[in-house]
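# I would like to see how this sequence folds:
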Amino acid sequence: MRLSSSLQDLPTFSRIDALERGSSTGSDLVSGRAKPIRTLQRDGAVASFSKEKTPPSSPTNRKKCMRAAGCAIALFLLVFFIYASLRYFHVFLSEGSPEYYVILDCGSTGTRVYVYEWSVNHDDGNTFPIALKPLGNAPKKKSGKLTGRAYQRMETEPGLNKLVHNETGLKMTIEPLLRMAEKLIPRRAHKHTPAFLYATAGVRKLPSADSEWLLDKAWDILKNSSFLCSRDRVKIISGMDEAYYGWIALNHHLNMLGTSSSKMTYGSLDLGGSSLQVTFETDNSIQDETSMSLRIGSISHQLSAYSLSGYGLNDAFDKSVAHLVKKLGGAAGNGKVQVKHPCLQTGYKEDYICSYCHPLKLDGSPSVGGKTTGKEKQGMAVELIGMPQWNECSALAKLTVNLSEWSNASSVDCNTKPCALPSTFPQPHGQFYAMSGFYVVFKFFNLTADATLIDVLNRGQEFCEKTWKVAKSSVPPQPFIEQYCFRAPYITSLLREGLQIKDNQVIIDSGSITWTLGVALLEAGQVLSTRIDIQGYRILHREINPNILIVLFLISIVLVICAILCVSNSIPRSFRKSYLPLFRQNSAGSPVLSMGSPFRFHLWSHITSGDARTKTPLSPTVAGSEPHPFSMSHGLGGSSVQLMESSRQSLGVYHSYSVGSLGQMQFSSGMWKPELLYDTM
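Below is the predicted model of the structure:
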């Protein structure tokens with residue numbers, strides 16, 4: 001009688017209890033009786049040749065879904081906590097190093113460079129999140145001579161509008177400014193520092209072909225510098241943008257931004273060489289061409305902003321000359337127009353190019369703005385002769401302010417209405433800071449910010465009464481000395497008649513504010529908003545205690561372990577390593593403890609049916625052949641190797657293990673291939 005167990009049926013058997021096996025081998029085999037051995041079905045396995053199959057006891061779909069949901073939640077929380085921790089530490093580390101901006105202001109009289117350093121504001125008493133400060137002053141001249149410039153800044157002349165198709169002059173204007181900026185910024189930060197070139201009214205008045213040429217050549221210079229620059233950062237800004245930047249710069253300087261105070265912000269009056277920018281906060285919710293909205297934190301500001309082209313200091317004087325050309329000029333022997341100007345000192349006689357004098361309108365009045373098509377002459381050469389008359393000078397300045405004199409608008413009485421404004425522009429109201437050109441005039445006459453407009457008029461009249469030689473030597477060298485006799489009554493008329501602003505509504509700026517500061521603030525705000533979440537300008541790391549983040553970090557570690565366990569338990573069984581159960585080799589006398597070796601087999605028993613007949617699992621051996629130990633035979637569908645183990649017991653019971661077409665068996669320690677063993681009977 002031969003007991004055979006097929007390898008195909010190995011998964012259907014279970015390990016035999018050690019004690020039961022010991023007793024059976026110790027008594028039954030000695031007595032010569034083969035005691036039937038109980039077999040147990042393995043969980044989830046099905047006998048290939050058994051008549052009855054037990055239903056598999058695999059985990060239910062509900063358990064699988066719960067396990068999958070738990071893994072998903074653990075992974076989500078893990079990713080969230082890691083993201084929050086990395087973001088916090090990134091913001092924490094980035095706040096320690098300052099960043100920089102380089103901004104080139106290309107005005108009508110010259111080009112200036114401004115360098116700003118900014119970082120996150122750590123002052124708990126200030127809800128505005130950005131700390132920004134300007135860097136550097138204009139280098140002092142080695143000669144030690146005083147300069148009469150109001151602003152100590154790095155500046156090159158002339159303005160870009162005078163350098164059309166002059167590439168060499170353009171390089172000589174921009175490159176020294178970039179070298180100055182490089183000295184103010186650490187070398188390691190150069191390649192990360194954005195550079196901007198913003199042109200204002202002087203370039204705005206040029207024909208589009210000329211302005212595009214200037215911008216393209218300026219971009220060629222900037223992209224070869226050590227700073228970070230892109231083409232969209234080299235552009236002409238509108239007058240409205242310039243006014244908007246100036247308002248932001250002013251109110252940031254006064255700590256009025258980001259506060260919940262009900263106090264109104266200050267309006268800004270930014271007087272340049274070619275235009276005047278007016279910006280103020282209004283309660284009017286009506287949207288028009290001048291309306292702008294600004295939201296800083298939880299505070300919203302409704303603004304009115306506009307730019308008055310032709311109302312800058314230089315353009316205003318040019319308009320006064322154009323008015324005299326029309327009314328007073330006469331041809332000299334050399335063909336030049338001689339203009340006797342009431343706002344120039346005695347003894348002054350110089351050539352002058354009047355931009356507003358040509359071309360003339362059809363009605364004979366000068367064109368406002370001075371912008372031509374490019375084919376027309378850019379100005380008219382005249383000869384200015386000083387003939388000071390203070391009253392006539394004041395009247396000429398007032399006429400220059402009146403818009404109706406320089407447009408087709410109906411006549412406006414400057415004593416009743418703001419005559420510098422179009423009818424669609426809102427009249428300024430509130431408190432104002434007068435910046436740039438206003439400060440320059442005050443500085444020229446050595447007036448402080450608490451001086452009044454009457455003081456300006458008095459100093460201007462005194463200056464006009466001097467001869468040109470005395471007047472020129474009475475002040476440090478600086479450009480446009482001859483024009484300050486006109487500028488004193490002009491800024492007074494501009495505020496009082498042109499804008500209808502009372503003297504007590506205006507505060508003269510100290511000279512520390514420029515619109516470029518507003519550009520730097522807006523750019524820094526955009527960068528900051530991409531790094532941290534701001535709600536009312538509350539910074540992330542100030543709302544979350546670092547100890548809480550440490551706890552969250554520890555939780556994330558636990559979640560890592562849970563996620564790994566969930567994922568490992570969810571791996572399908574088909575991807576796991578297969579193994580064969582170990583068997584206990586019986587010998588006569590006493591049971592032998594089975595060791596956990598991958599090269600030993602469990603002892604499998606025959607199956608006893610209910611009628612006391614013994615069934616053995618079918619083995620893929622050839623029918624009718626004599627079973628020999630380790631004989632080669634052909635089984636079902638292919639060759640097989642039959643491993644026969646013979647016992648030395650008197651019954652001569654053979655235990656056979658058949659390897660079908662499997663080829664090899666896989667163990668946890670590696671791959672095992674069948675080997676031929678020799679019988680020891």
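# now Val527, nearest residue through space, not along the chain?
Glu99 (7.6 Å; C-beta to C-beta, 6 or more residues apart in numbering). In short, each C-beta sits where N, CA and C put it, glycine included.
# any idea what the one you found is bridged to?
Trp118 (DSSP bridges).
# and it, how far from Glu523?
Glu99 sits at a distance of 10 Å from Glu523 (criterion: C-beta to C-beta, to the nearest Å).
# on that earlier part again, okay, now the residue nearest to Val527: neighbour count?
By other C-beta atoms under 10 Å, the residues close to Glu99 number 20.
# mind checking how far it is from Ser108?
Relative to Ser108, and taking C-beta to C-beta, Glu99 is found at 31 Å.
# and Val470, by the same measure?
Val470 is 29 Å from Ser108, by C-beta to C-beta.
# of these two, who's got more company?
Between Val470 and Ser108, counting by other C-beta under 10 Å, Ser108 is the more crowded of the two (24 against 13).
# quick check: the residue nearest to Val527 touching Ser119?
Yes - using C-beta atoms under 8 Å, Glu99 is in contact with Ser119, at 7.0 Å.
# for the stretch 301-450 of the chain, what spans make up the helices?
Along the stretch 301-450 of the chain, the stretches classed as helices by DSSP state H, counting those that start in this stretch are 313-327, 390-401, 437-444.
# contact partners for Thr200?
105-108, 236-237, 239, 242, 272, 274-275 (C-beta atoms under 8 Å, 6 or more residues apart in numbering).
# how about 6 Å then?
107, 242 (C-beta atoms under 6 Å, 6 or more residues apart in numbering).
# and it, what pLDDT?
Per-residue confidence (pLDDT) for Thr200: 94.
# state the distance from it to Asp241.
From Thr200 to Asp241 the distance is 9 Å (C-beta to C-beta).
# cool, Asp210 as well?
Asp210 is 21 Å from Asp241, by C-beta to C-beta.
# and for His190?
Taking C-beta to C-beta, one finds His190 at 27 Å from Asp241.
# for these two, indicate the residue with more neighbours.
Here His190 and Asp241 are set side by side on neighbour count (other C-beta under 10 Å), and the busier one is Asp241, at 20 against 17.
# and that one, that's in a helix?
Yes - Asp241 forms part of a helix when assessed by DSSP: H, G, I helix; E, B strand; the rest coil.
# what pLDDT is listed against it?
Note on Asp241: pLDDT of 94.
# care to break the protein down by domain?
2-39+577-672, 69-95+543-573, 96-137+153-237, 255-510 (automatic domain parsing).
# straight-line length of the longest one, end to end?
If I follow you right, that is domain 255-510. With C-alpha to C-alpha, to the nearest Å applied, domain 255-510 spans 15 Å between its terminal residues.
# quick check: mean pLDDT of it?
87.
# same deal with the first one?
Per-residue pLDDT over domain 2-39+577-672 has a mean of 46.
# also the second one?
Across domain 69-95+543-573, pLDDT averages out at 67.
# can you give me the strands for the stretch 151-300 of the chain?
For the stretch 151-300 of the chain, the strands defined by DSSP state E, counting those that start in this stretch occupy 155-156, 195-199, 234-236, 267-271, 275-281, 291-296, 299-309.
# for the longest one, output the C-alpha coordinates as CSV.
Once side chains and other backbone atoms are set aside, the C-alpha atoms of strand 299-309 remain, and they are given as CSV (Å, rounded to 0.1, in the frame of the first residue of the first chain):
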residue,chain,number,x,y,z
ILE,A,299,-8.8,97.5,4.9
SER,A,300,-10.1,98.8,1.5
HIS,A,301,-9.3,102.2,0.0
GLN,A,302,-11.3,103.9,-2.7
LEU,A,303,-9.0,106.3,-4.5
SER,A,304,-9.2,108.9,-7.2
ALA,A,305,-5.9,109.2,-9.2
TYR,A,306,-5.0,111.2,-12.3
SER,A,307,-2.1,112.7,-14.0
LEU,A,308,-2.0,116.3,-15.4
SER,A,309,0.3,116.2,-18.4
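# in it, what counts as buried?
299, 301, 303-309 (16 or more other C-beta atoms under 10 Å).
# of those, closest to Pro418?
Distance to Pro418 across the buried residues of strand 299-309 (C-beta to C-beta) is lowest for Leu308, with 10.5 Å.
# quick one, what contacts the closest one?
275-276.
# rerun at 7 Å
Leu308 is in contact with 275-276, 278, 420, counting by C-beta atoms under 7 Å, 6 or more residues apart in numbering.
# what of Leu257?
Leu257 touches 128, 251, 296, counting by C-beta under 7 Å, 6+ apart.
# go with 10 Å
Residues in contact with Leu257, defined by C-beta atoms under 10 Å, 6 or more residues apart in numbering, are 127-128, 130, 247-248, 250-251, 265, 294, 296-297, 299, 301, 521, 537.
# neighbour-wise, which of these leads?
Highest neighbour count within the contacts of Leu257, by other C-beta under 10 Å: Trp247, with 29 neighbours.
# could you find the closest non-adjacent residue to it?
In space, and not counting its chain neighbours, Trp247 is closest to Thr279: 3.8 Å by C-beta to C-beta, 6+ apart.
# neighbours around Asn415, how many?
Asn415, neighbours per other C-beta under 10 Å, totals 10.
# which ones are touching it?
By C-beta under 10 Å, 6+ apart, the neighbours of Asn415 are 398, 496-497, 500.
# where along the stretch 101-250 of the chain do the helices fall?
Using DSSP H, counting those that start in this stretch, helices in the stretch 101-250 of the chain cover 167-184, 201-204, 208-223, 239-253.
# ok, Ser320 touching Asn402?
No - with contact defined as C-beta atoms under 10 Å, Ser320 does not count as touching Asn402 (12.0 Å).
# more neighbours: the two, which one.
The neighbour comparison of Ser320 against Asn402 (other C-beta under 10 Å) goes to Ser320, with 24 against 19.
# roughly how far apart are the more buried one and Ser225?
Applying C-beta to C-beta to Ser320 and Ser225 gives a distance of 40 Å.
# now Leu499
40 Å.
# same drill for the two, tell me which one is more crowded.
Ranked by neighbour count (other C-beta under 10 Å), Leu499 and Ser225 place Leu499 first, with 24 against 18.
# correct me, but that one touches Gly430?
No - when contacts are counted by C-beta under 10 Å, Leu499 is not listed as touching Gly430 (12.0 Å).
# which neighbours do the two share?
Common neighbours of Leu499 and Gly430 (C-beta under 10 Å, 6+ apart) are Gln505.
# kindly reformat the strands of the stretch 151-300 of the chain as TSV containing distance to Arg459.
TSV is the format used below for those (distance: least, C-beta to C-beta, whole Å):
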stretch	distance to Arg459
strand 155-156	25
strand 195-199	33
strand 234-236	36
strand 267-271	18
strand 275-281	22
strand 291-296	36
strand 299-309	25
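# which stretch among those comes nearest Glu462?
strand 267-271 (22.3 Å).
# what's the local residue count around Thr416?
If we define neighbours as other C-beta under 10 Å, then Thr416 has 9 of them.
# from what I can see it touches Gln500, true?
Yes - in terms of C-beta under 10 Å, Thr416 counts as a neighbour of Gln500; the distance is 8.7 Å.
# name the nearest residue to Ser274, sequence neighbours excluded.
Nearest to Ser274 is Ala201, by C-beta to C-beta, 6+ apart, at 3.5 Å.
# my guess is the one you found meets Gly272, correct?
Yes - Ala201 lies in contact with Gly272 (C-beta under 10 Å); the separation is 6.2 Å.
# tell me which of those two has more neighbours.
Comparing Ala201 with Gly272 by other C-beta under 10 Å, the one with more neighbours is Ala201, at 30 against 27.
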